[in-house]
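**Student:** no FASTA, just this:
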Ligand code: ZN
């Protein structure tokens, strides 16, 4: 069995941002040389997510509105976690949007359903953060 590991780094200019990382994961897959197996992609921080959905700007606006309704950023004083920090909302948003995705690799390609794309979801940005890509297979 072959194994491959890479860290992808991100520093978003805004506090919250959704970044399509599909092409970067495909680059990792090509580098790995693995044709049949699994790829795991996970956020290495507890205030950001990796998830799969549609790359459609209206949907991305809907995520922003929905997440702000569930866990509004402000007022910061609303959250117990914010006695030393101001990112309680980002922890909660990350929990909702998930930590990782696993995608099957078939004949050297990501075995996606229609419209599936991999996203990095940043909820407490403006600093360097990492995503782990781990690929195993033959
Ligand atoms: Zn925190």
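**Tutor:** All right, it came through fine. Everything quoted here is computed from the prediction, not taken from an experiment.

**Student:** Surely residue 26 and residue 110 touch.
**Tutor:** Yes: look at residue 26 against residue 110 with CB atoms under 8 Å: they come within range, at 6.5 Å. For glycine as for every other residue, the C-beta is placed from the backbone atoms N, C-alpha and C.

**Student:** Show me the beta-bridge partners of the spatially most central residue of the chain.
**Tutor:** Centroid-nearest residue in the chain: residue 50, 2.0 Å away (criterion: CA atoms, centre = their mean). Counting by DSSP bridges, residue 50 forms beta bridges with residue 120.

**Student:** Double-check it against residue 121; I have them as touching.
**Tutor:** Yes: using CB under 8 Å, residue 50 makes contact with residue 121 at a distance of 7.1 Å.

**Student:** number of nearby residues for residue 28?
**Tutor:** The local packing of residue 28 (other CB atoms under 10 Å) involves 20 other residues.

**Student:** per-residue pLDDT, it?
**Tutor:** The score at residue 28 is 98. That number is its pLDDT.

**Student:** and it, helix, strand or coil?
**Tutor:** Assigned with DSSP: H, G, I helix; E, B strand; the rest coil, residue 28 falls in the helix class.

**Student:** now residue 5
**Tutor:** Following three-state DSSP, we place residue 5 in the strand state.

**Student:** The one 4 residues further on now?
**Tutor:** Residue 9 falls in the strand class when you classify it by three-state DSSP.
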